[in-house]
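1. one predicted model, sequence on top.
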Amino acid sequence: MPSSLHMSSDEFRQHGYAVIDWIADYLRDVERHPVLSPVRPGEIRDALPKSPPREGEPFEQMLQDVDDLILPGITHWQSPRFFGFFPANTSGPSILGDLLASGLGVQGMLWATSPACTEVETLVLDWLVEMLGLPERFRSTSSGGGVLQDTASSASLCALLAARERATEFASNERGSGVAPLVAYTSNQAHSSIEKAMKIAGLGRENLRLIDVDEHFAMRPDALDDAIRADLDAGRVPCFVCATVGTTSSNGMDPVRAIGAVCAAHGIWLHVDAAMSGTAALCEEFRVLQDGLELADSYCFNPHKWMFTNFDCDCFYVADRATLIRTLSILPEYLKNAATESGAVFDYRDWHVPLGRRFRALKLWFVIRHYGHAGLQALVREHVALAQAFASWVRADERFELVVPPPLNLVCVRLRAGDEATTDLVERLNATGRIYLTPTRLGGRAVIRVSIGGTQTERRHVEEAWRLMRAMADAVLV
Ligand SMILES: *Cc1c(COP(=O)(O)O)cnc(C)c1O
């Protein structure tokens, strides 16, 4: 291919500046867009050419099409008025770190394929052990270590696979079968990724026990123990428990210490999924929510939710890396090298499902260095304070009720008038385009989630959300 077909260095520089300008303007003005994309299914595709271009097109035209054809189909996750799901917040240092990772274009499957890619990752994950007050055994300098994964779903899958192998003494890995039917446990409020992991790991959805929760939607350790004993009596092999720190529906906090004691008594792998709420542990005062973590075999949280690091970025820790590595390692001839054979390095391809991996640590390194631990703490405290303020306004309006006291930055609210009124309210609020909220069901009742964690979300946005909610409640309750 003649080199003239490529974008020249000067062209790249010129278009690159234009793209950075575009992103800076977009993030500065993101509030102006309706938060939820209003397009109908198929509308975006229909506006685009049916067939690919025969000849290359000018870059300016592509960027123009992003404005004209793509933006209408964007739901603005970076809007300060986005209160749906959990946040997926980003930041300048993160975007620039990610861009540099693209520029370097390294594939870090082995230490030897880019030593910095591995060593920065190991270092940043050790930094986070310190920043989050995680157990010492999760450090790479101890028996364990951390690794970046794309998502919490992948991290939980890897934890389940390692638990399966530990329970079968690697028989499942080697011979494709375990000893007896393996069973796993999580609460009935746990994320759907645990059920998905059971399907992928070949353990079967039917072998996942969904344990009862208390009035705060936290797993009941006594119910967990009962379920384990029933399975043992029936000749099954309990292998894995997933506790959640901050459930998706209500931010319920499973009691990690009590669950850890049950797991220890039965020799079961404990995984802790703290996808969003793990970030709160940056602040000492919130670490109590994951008290007992030193009993866990593995742990994950997503900087791509609430730690200003753009998707995707999940931190996954294990207490005993040897089990994880033995579960996932492969060594074909073409990957053999002196560094690997020396045993002195980590080859992260053995710590996750894919072989290849990008330099994901760069953006996380930039985020931590830009904000510092203290800066990140201040932002987390600000979001939690805003959520607590919102909750206090809800308490003061007798038409509304809080479903649970919010532990952190997620407020679950409903209209006392009932499910229909609550569902009507959230639909009307989202139709305004001014804010975006996602509904859920808790204890069989309709609930509106107000999730506060946007990079640009300030007090005025939260106040406006409450003003809108009250005004719409007037309309719903006439
Ligand atoms: C969001 C969430 C997940 C899934 O996150 P991904 O990183 O998208 O896989 C898992 N568990 C909990 C508790 C979550 O809130």
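-> That came through fine. Please read all numbers here as calculations on a predicted model, not as lab measurements.
2. which bits of the chain sit near the ligand?
-> Counting by CB under 6 Å from any ligand atom, the residues of the chain close to the ligand are 86, 151-153, 191, 193, 244, 247-248, 273, 275-276, 302, 314. Every C-beta, even on glycine, is put in place using the N, C-alpha and C of the backbone.
3. mind running it again at 5 Å?
-> Residues of the chain lying near the ligand by CB under 5 Å from any ligand atom: 151-153, 191, 193, 248, 273, 275, 302.
4. now tabulate those residues in TSV and tack on secondary structure and neighbour count.
-> Output for the residues of the chain next to the ligand, formatted as TSV (DSSP: H, G, I helix; E, B strand; the rest coil; neighbours: other CB atoms under 10 Å):
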residue	secondary structure	neighbour count
151	coil	18
152	helix	25
153	helix	20
191	coil	20
193	helix	21
248	coil	22
273	strand	30
275	coil	26
302	coil	28
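5. show me which pair in those residues is furthest apart.
-> Distance extremes for the residues of the chain next to the ligand: the farthest pair is 151 and 248 at 13.2 Å, using CB to CB.
6. what's the helix or strand harbouring residue 304 packed up against?
-> Using DSSP states H and E, residue 304 maps to helix 303-306. Judged by 3 or more CB pairs under 8 Å, 6 or more residues apart in numbering; DSSP states H and E, helix 303-306 is in contact with strand 314-318, helix 361-395.
7. residue 36 contacts residue 432, doesn't it?
-> No: if you go by CB atoms under 8 Å, residue 36 and residue 432 don't touch, sitting 9.5 Å apart.
8. look at the two and report which has more neighbours.
-> Higher neighbour count among residue 36 and residue 432: residue 36, with 21 against 15, using other CB atoms under 10 Å.
9. so the more buried one, which of the three states?
-> Following DSSP: H, G, I helix; E, B strand; the rest coil, the label given to residue 36 is coil.
10. mind checking how far it is from residue 469?
-> 16 Å (CB to CB, to the nearest Å).
11. again, but for residue 148
-> From residue 148 across to residue 469, the span is 38 Å (CB to CB).
12. which residues of this structure score low on pLDDT?
-> 1-3, 178 (pLDDT under 70).
13. the strands in it, which residues?
-> 145-149, 182-187, 208-211, 237-244, 269-273, 298-301, 314-318, 400-402, 410-415, 438-442, 445-451 (DSSP state E).
14. make JSON lines out of the ones you listed and add distance to residue 164.
-> Output for the strands of the chain, formatted as JSON lines (distance: least, CB to CB, whole Å):
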{"stretch": "strand 145-149", "distance to residue 164": "18"}
{"stretch": "strand 182-187", "distance to residue 164": "6"}
{"stretch": "strand 208-211", "distance to residue 164": "13"}
{"stretch": "strand 237-244", "distance to residue 164": "6"}
{"stretch": "strand 269-273", "distance to residue 164": "9"}
{"stretch": "strand 298-301", "distance to residue 164": "13"}
{"stretch": "strand 314-318", "distance to residue 164": "14"}
{"stretch": "strand 400-402", "distance to residue 164": "40"}
{"stretch": "strand 410-415", "distance to residue 164": "32"}
{"stretch": "strand 438-442", "distance to residue 164": "31"}
{"stretch": "strand 445-451", "distance to residue 164": "33"}
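15. give me the number of residues near residue 112?
-> Neighbour number of residue 112 under other CB under 10 Å is 16.
16. just checking, it touches residue 341?
-> No: judged on CB under 8 Å, residue 112 makes no contact with residue 341 at a distance of 10.3 Å.
17. quick one on the thing from earlier: so of the helices and strands packed on helix 303-306, which one's packed in deepest?
-> Across the helices and strands packed on helix 303-306, averaging neighbours per residue (mean count of other CB atoms under 10 Å) puts strand 314-318 on top, at a mean of 28.
18. what is that one packed up against?
-> On a contact count with 3+ CB pairs under 8 Å, 6+ apart, strand 314-318 meets helix 115-132, strand 145-149, helix 152-167, strand 298-301, helix 303-306.
19. switch the cut-off to 10 Å
-> Contacts defined by 3 or more CB pairs under 10 Å, 6 or more residues apart in numbering; DSSP states H and E place strand 314-318 against helix 115-132, strand 145-149, helix 152-167, strand 269-273, strand 298-301, helix 303-306, helix 321-328.
20. could I get the buried residue list for the fourth one?
-> In other words, strand 269-273. Along strand 269-273, these residues count as buried under the neighbour rule (16 or more other CB atoms under 10 Å): 269-273.
21. which one of the residues you listed sits closest to residue 21?
-> Of those, the one sitting nearest to residue 21 (CB to CB) turns out to be residue 273, at 39.0 Å.
22. please name the nearest non-neighbouring residue to that closest one.
-> Closest residue to residue 273 apart from its sequence neighbours, by CB to CB, 6 or more residues apart in numbering: residue 244 at 5.0 Å.
23. thinking again about what came up before, what's the overlap in contacts for residue 151 and residue 248?
-> Counting by CB atoms under 10 Å, 6 or more residues apart in numbering, the residues touching both residue 151 and residue 248 are 193, 275.
24. for residue 306, what are its contacts?
-> 86-89, 246, 275-280, 282, 376, 379-380, 383, 408-409, 451-455.
25. can you list the domains in the protein?
-> Annotated domains of the chain cover 106-358, 367-476 [automatic domain parsing].
26. contacts only, for the spatially closest residue to residue 402 that is not a sequence neighbour.
-> Take residue 402 and drop its neighbours on the chain: the residue closest to it by CB to CB, 6+ apart is residue 394, 5.4 Å away. Counting by CB under 10 Å, 6+ apart, residue 394 touches 400-403, 406, 411-414, 450, 466, 469-470.
27. ok, of these, which one's closest to residue 256?
-> Nearest to residue 256 among the contacts of residue 394, with distances taken as CB to CB, is residue 406, at 19.1 Å.
28. list the contacts for that closest one?
-> 250-251, 384, 387-388, 390-391, 394, 412-413, 450, 452.
29. go again with 8 Å.
-> 251, 387-388, 391, 412 (CB atoms under 8 Å, 6 or more residues apart in numbering).
30. with those residues in mind, which one is nearest to the ligand?
-> Checking the contacts of residue 406 against the ligand with CB to the nearest ligand atom, the nearest one is residue 251 at 8.9 Å.
31. how many neighbours does the closest residue in space to that closest one that isn't next to it in sequence have?
-> With CB to CB, 6+ apart as the criterion, residue 251 has its nearest non-adjacent residue at 4.1 Å, and that residue is residue 410. Residue 410 has 28 neighbouring residues, counting by other CB under 10 Å.
32. next up, the contacts around the residue of the stretch 201-350 of the chain found nearest the ligand.
-> Proximity of the stretch 201-350 of the chain to the ligand (CB to the nearest ligand atom) peaks at residue 275, 3.4 Å away. By CB under 8 Å, 6+ apart, the contact set of residue 275 is 86, 152, 191, 246, 248, 300-302, 305, 314.
33. measure it to residue 193 for me?
-> 9 Å.
34. can you work out which residues contact both of the two?
-> By CB under 8 Å, 6+ apart, residue 275 and residue 193 have these common neighbours: residue 152.
35. most tightly surrounded among the domains of the chain?
-> Of the domains of the chain, domain 106-358 is the most buried (mean count of other CB under 10 Å), at a mean of 20.
36. kind regards, and thank you for your time.
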